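[1] got a predicted structure plus its sequence, pasted below:
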Amino acid sequence: MTNETPGKPTNERLEYLGDAILSTIVAEYLFKKYPNKDEGFLTKMRSKIVKRQTLNEIADNMGLDVILSEYSMGKMSSSMLGNAFEALVGAIYIEFGYEKTKTYVIRNILMKYLDINDLETRDDNHKSQLLEWCQKNGKEINFTTLAKFKMDKRDCFKVAVLIDNAEISTAEDFNKKSAEQTAASRALVKLNIINSVA
């Protein structure tokens, strides 16, 4: 017995599968690309590639937003792009198997839409950057959940960054950690700690 409504297909099962397959493909790709790097480096690089923001950007560059807009009835969030991309990887895997999916992802996605060398040097953990800045400057920082609500039948979180009890920035996402990262990156820009978010 499933929770899916008959006649209304859901991508969430495909997203789940695509997420796992993508993570495996990226892990294998990095393992072969960096034969002399340790597990810590490889883990950091994989998380930079498979994190929500990167997947959203890849999906956007692939034009998945154009396809999604034809089928989406409500407001489209950036997270939907990354979810759709994961569902696409899951669907390709079911149709063609692992080897063909791996070849497609590496040739048509990783090598086409990602600057691996840029990712190597990019510090994109904005939350830790902001925490470090506050510590250095004697500021008190808190990440507060302002609201939890439903969007597209999924939980969505709105979080705020408070520095010395003043609200600096907010962000919304289906994932609380992703919302905190986005709010932190906006705070870094607002406080002129970084110029812009890549």
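    The structure has been received and is ready for your questions.

[2] dump the residue contacts of the residue positioned nearest the centre of the chain.
    Within the chain, one residue has its C-alpha closest to the average C-alpha position: by C-alpha atoms, centre = their mean, that is residue 52, at 0.6 Å. For residue 52, the contacting residues are 79, 82, 173, 175, 178, taking C-beta atoms under 8 Å, 6 or more residues apart in numbering as the criterion. Yep, even glycine has a C-beta here, placed from its N, CA and C like the rest.

[3] likewise for residue 79?
    Taking C-beta under 8 Å, 6+ apart as the contact definition, residue 79 lies against 52, 56, 173-175, 178.

[4] what is the nearest of the residues you listed to residue 156?
    Distance to residue 156, by C-beta to C-beta, is smallest for residue 174 among the contacts of residue 79, at 5.5 Å.

[5] contacts for the lowest-mean-pLDDT helix or strand in the chain, please.
    Considering only helices and strands, the least confidently modelled element of the chain by mean pLDDT, DSSP states H and E is helix 64-71, at a mean of 76. Outside helix 64-71, the residues within contact range by C-beta under 8 Å, 6+ apart are 59, 76, 80-81, 84-85, 88.

[6] ok, now with 6 Å
    The contact list for helix 64-71 (C-beta atoms under 6 Å, 6 or more residues apart in numbering) reads 81, 84.

[7] got the domain boundaries for this protein?
    Structural domains annotated on the chain: 12-121, 126-190, as defined by automatic domain parsing.

[8] got the end-to-end distance for the shortest one?
    With C-alpha to C-alpha, to the nearest Å as the measure, the first residue of domain 126-190 is 13 Å from its last.

[9] what mean pLDDT does it get?
    Here the mean pLDDT over domain 126-190 is 89, rounded to a whole number.
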